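S.K.: Make a model of this:
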Amino acid sequence: MKFHIVIFSIIIHSFLFGQKNKTIQEVTIFENRQPQALLKKSNKNGTSINSEELKDKPNVDLINALTYTAGIELSQRNQQGAQADLSISGGTFDQSLVMINGYKVNDLQTGHHLMNLPLSIASIKNIQVYRGTQSRSYGAGPLTGVMHIDVSPNEKNGIWMQGSLQGNAINSQESQNYLHRNWMASFHFGDSKNRYLLSLSHDKGEGYRFNSASHRNSITFSSQHQLNENNKLSILASGLIQEFGANGFYAPPFDSFSQENIQTALIGVTYQSKFLGWNSTLRSYFRSHRDQYILRNYQPNFYNNKHLGNVLGLEHHVSKNNLLGTLGIGLDYRHEQIESNNLGNHTRKNAGLFLEQKWNILKNLDASTGIYANYNSDFGVNFFPGAEVGYWISNPLKIYISSEFGMRNPTFTDLHYSDRANIGNPNLIAEKGATHTFGVKWNSNFGFFQSALFYRHIDNMIVWIDTDMTSRRLWQPQNLRKMETLGWQTEFNSKRFSINDHLGVQFQSSYQNLHFIQNLDGTKNSLQALKHQWINQVLFDLYHKIQCQLNFRLLEHFDSQNYFLIDSRVSYRLNKFSLFLNLNNISNTTYYNVNQINMPKRNFTLGVQFSDF
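M.R.: Residues are numbered from 1 along each chain as shown. Presented below is the predicted three-dimensional model:
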């Protein structure tokens, strides 16, 4: 560890003495009702990743690329994103909200399917992560954070393509030899008023351990149409077909030959208009998710779970400037329906009303207050207020405080699932909570720095506990606890500095420290709690052709498991082509995610990119 600290110090010293620099791309916050604000100047504890950063990570799939993002963890049961549980700021995989172009894609069956996204890196323009409770802005669901993914065409016509092969050279008890093939492409075309994006991806691999092979295909279409000066229409249609071996996913050691098949579709339409000083956004979407779990792939009828979940969503948001700032009003409706041979057939409805005011009274002070009223056909009416205030101490330095309340409804798995080791609880009530944050942001010629302290409490916390208390074990979710969390998160992104005419350096670092006031021992949740997270990235650019990236991740969980991972990427640019070599888990570390499933040991990816923009 001392060696790592020395290297870390040398890297910091190297970029501090740069002479020339390049600016960092500014990113605006996704807002439903308020004017777009720069993320770095907002009163939110958030971070962003743009398209180029995603494509240059030492991974070729979206899930693994996101593991370098501050404040989030993606616990995987397989490689290449076959299934991953998203946790933001130490929350559970059911307590986060994911949106694509403003369309909510949370799965009503279980949060395990939240990241079964019908997307690839090729189709994504930008990803934003907001840490903390966000119901006032985005409705029911985001108790611990929100991830918003922007899938939209580029302003210029062009093509981007990538092909790669991933494998290893180690055959051990923990990892077998394997080869994984991947290709993806995106096509951007149209004119100044009509822009189009078509993206395709294909992944196929034999798996790094027994029965972990995977096969994934996705397609994404996005278009934007400027009808006239005051009216704009946006369309999104995407689909995913995925199959993978599910060895050890849910019922080890009895599921060694299990298999899971996933089909996901998302269709959405957004209409934006301006009329008599009002800005209006009307959004409708439909998401369908089909999941089939086969316990024995050689005997499919022995145990076979089939689930089909359909969600129809409608939203309307309006805003107008007034003497105090901007007033925003919004309505949303969500119809959920599931058909399952295990969970049964169920329907529920959710409706919400948003009201918020952005205040621009003093020059150096900005604030917003609001409330979200929610009605759910199963859980009744609830109200969730929120407020945030920011103050500019000087031009680059800002402090802010926020207090946000929210809720999360139980999934249908929480309520109705049943097998030999798990049983649902139809008497569960919704989780309710709040996050109170104090933060500071500093944006200068050296880069961007932000740090935040937060306190979060969640009432009626849903935890899975052993109700049998024998060697058999029977897990059931119950509203047992008030969960309190203290956290500190800090992040620094330097600008890219030119040390001389041939060498440029950029540095990124983030750290997260969480303290759960309650003890999670004896629950399934205890295995998912992240205590410390330290991520560092150093990028060198030589002769504007060779790029070298080093990524260091130190992760420690509350179950005392901790590991240090090193990944790297070397690429060579030649006109419109780029050859790259990724080395992952360079130190050959043995580490585990969910259900003590060992993750891949040292592996490599060799690939080529083509960009014509």
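S.K.: C-alpha from now on. contacts and neighbour counts both.
M.R.: Will do.
S.K.: Show me where the stretch 1-150 of the chain has its helices.
M.R.: The residue ranges that make up the helices of the stretch 1-150 of the chain, judged by DSSP state H, counting those that start in this stretch, are 2-16, 51-55, 62-66, 135-138.
S.K.: same deal with the stretch 401-550 of the chain?
M.R.: Along the stretch 401-550 of the chain, the segments classed as helices by DSSP H, counting those that start in this stretch run 412-416.
S.K.: which intervals of it have sub-threshold pLDDT?
M.R.: 469-472, 519-522, 524-529 (pLDDT under 70).
S.K.: what is Asp150 paired to in the beta sheet?
M.R.: Note on Asp150: beta-bridge partners Asn126, judged by DSSP bridges.
S.K.: Equivalent analysis for Leu555, please.
M.R.: On the basis of DSSP bridges, Leu555 is bridged to Gln533, Tyr563.
S.K.: just checking, it touches His532?
M.R.: Yes: with contacts defined as C-alpha atoms under 8 Å, Leu555 counts as touching His532 at a distance of 5.7 Å.
S.K.: the more surrounded of the two?
M.R.: In terms of neighbours (other C-alpha atoms under 10 Å), His532 is the more surrounded of Leu555 and His532; the figures are 21 against 18.
S.K.: didn't the more buried one look like it was pressed against Glu556?
M.R.: Yes: distance between His532 and Glu556: 5.0 Å, which falls inside the contact criterion (C-alpha under 8 Å).
S.K.: show me where pLDDT drops low in the protein?
M.R.: For the chain, the stretches with pLDDT under 70 are 1-27, 34-37, 169-175, 469-472, 519-522, 524-529, 559-560.
S.K.: Just give me the residue closest to the centre of the chain.
M.R.: To find the centre residue of the chain, average its C-alpha atoms and take the closest one (C-alpha atoms, centre = their mean): that gives Met147, at 4.8 Å.
S.K.: And that one, how close does it get to Phe286?
M.R.: 19 Å (C-alpha to C-alpha, to the nearest Å).
S.K.: can you check Ser402 too?
M.R.: Looking at Ser402 against Phe286, where the rule is C-alpha to C-alpha, the gap reads 33 Å.
S.K.: ok, now Leu308?
M.R.: Between Leu308 and Phe286 the distance is 13 Å, computed by C-alpha to C-alpha.
S.K.: show me what contacts the residue nearest to the centre of the chain?
M.R.: Counting by C-alpha atoms under 8 Å, 6 or more residues apart in numbering, Met147 makes contact with 96-99, 127-130.
S.K.: Check Gly248 too.
M.R.: 77, 254-256, 595, 597.
S.K.: Would you check which pair of those residues lies furthest apart?
M.R.: Largest separation among the contacts of Gly248 by C-alpha to C-alpha: Arg77 and Phe254, giving 15.8 Å.
S.K.: Of those two, which one has the most company?
M.R.: Using other C-alpha under 10 Å as the criterion, Arg77 and Phe254 rank with Arg77 on top: 25 against 12.
S.K.: wait, isn't the more buried one in contact with Ala84?
M.R.: Yes: applying C-alpha under 8 Å as the test, Arg77 and Ala84 come out as touching, 6.5 Å apart.
S.K.: ok, the closest residue to Ile294 other than its chain neighbours - contacts?
M.R.: For Ile294, the nearest residue in space outside its immediate sequence neighbours is Asn304; the separation is 4.7 Å by C-alpha to C-alpha, 6 or more residues apart in numbering. Residues near Asn304 by C-alpha under 8 Å, 6+ apart: 292-295.
S.K.: out of those residues, which are inside strands?
M.R.: Where the contacts of Asn304 overlap with strands, as defined by DSSP state E, the overlap consists of 292-294.
S.K.: Flag every buried residue along stretch 445-458.
M.R.: Residues 446-458 are the ones in stretch 445-458 that count as buried (16 or more other C-alpha atoms under 10 Å).
S.K.: wait, which of those residues is closest to Ser377?
M.R.: For Ser377, the nearest member of those is Ile458. The distance, counting by C-alpha to C-alpha, is 21.8 Å.
S.K.: Name whatever forms a beta bridge with the closest one.
M.R.: On DSSP bridges, the residues paired with Ile458 through beta bridges are Gly433, Met483.
S.K.: Kindly provide the distance from it to Leu480.
M.R.: Distance from Ile458 to Leu480, counting by C-alpha to C-alpha: 11 Å.
S.K.: Over to Gln596?
M.R.: Between Gln596 and Leu480 the computed distance is 25 Å (C-alpha to C-alpha).
S.K.: ditto for Val311
M.R.: Distance, Val311 to Leu480, using C-alpha to C-alpha: 29 Å.
S.K.: out of the two, which sits in the more crowded spot?
M.R.: For Val311 versus Leu480, the count of surrounding residues by other C-alpha under 10 Å is larger for Val311: 23 against 13.
S.K.: tell me the contacts of the closest residue to the more buried one other than its chain neighbours?
M.R.: Among residues not flanking Val311 along the chain, Glu336 sits closest, at 4.7 Å (C-alpha to C-alpha, 6+ apart). Contacts here follow C-alpha under 8 Å, 6+ apart; on that basis Glu336 touches 108, 309-312, 347-349.
S.K.: How about Gly390?
M.R.: Residues in contact with Gly390, defined by C-alpha under 8 Å, 6+ apart, are 42-43, 365-367, 398-401.
S.K.: Now compare those and name the two farthest from each other.
M.R.: Largest pairwise distance in the contacts of Gly390, by C-alpha to C-alpha, is 12.7 Å, between Ala367 and Lys398.
S.K.: List the buried residues in stretch 416-426.
M.R.: When burial is assessed from 16+ other C-alpha under 10 Å, stretch 416-426 yields the following buried residues: 416-418, 422-425.
S.K.: Contacts for that stretch, please.
M.R.: Outside stretch 416-426, the residues that touch it by C-alpha under 8 Å, 6+ apart are 342-344, 413-415, 472-478.
S.K.: With just CA atoms, put it into CSV.
M.R.: C-alpha atoms of stretch 416-426 as CSV (Å, rounded to 0.1, in the frame of the first residue of the first chain):
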residue,chain,number,x,y,z
HIS,A,416,-45.0,-12.2,-3.6
TYR,A,417,-41.9,-14.3,-4.4
SER,A,418,-41.8,-17.9,-3.2
ASP,A,419,-39.3,-20.8,-3.4
ARG,A,420,-37.7,-23.3,-1.0
ALA,A,421,-35.4,-20.7,0.5
ASN,A,422,-37.3,-17.4,0.1
ILE,A,423,-40.8,-16.2,0.7
GLY,A,424,-42.3,-12.8,0.0
ASN,A,425,-44.3,-10.6,2.4
PRO,A,426,-47.5,-9.1,1.1
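S.K.: starting at the chain centroid, how far to it?
M.R.: The chain centroid and the centroid of stretch 416-426 are separated by 28 Å under C-alpha atoms, centre = their mean, to the nearest Å.
S.K.: related to what we said a few turns ago, what about the residue nearest to Ile294, distance to Ile423?
M.R.: Distance from Asn304 to Ile423, counting by C-alpha to C-alpha: 17 Å.
S.K.: Met99 too?
M.R.: Between Met99 and Ile423 the computed distance is 30 Å (C-alpha to C-alpha).
S.K.: just Ser87 next, same as before
M.R.: From Ser87 across to Ile423, the span is 23 Å (C-alpha to C-alpha).
S.K.: Give the buried residues for stretch 267-284.
M.R.: Of the residues in stretch 267-284, those with enough neighbours to count as buried (16+ other C-alpha under 10 Å) are 267-274, 279-284.
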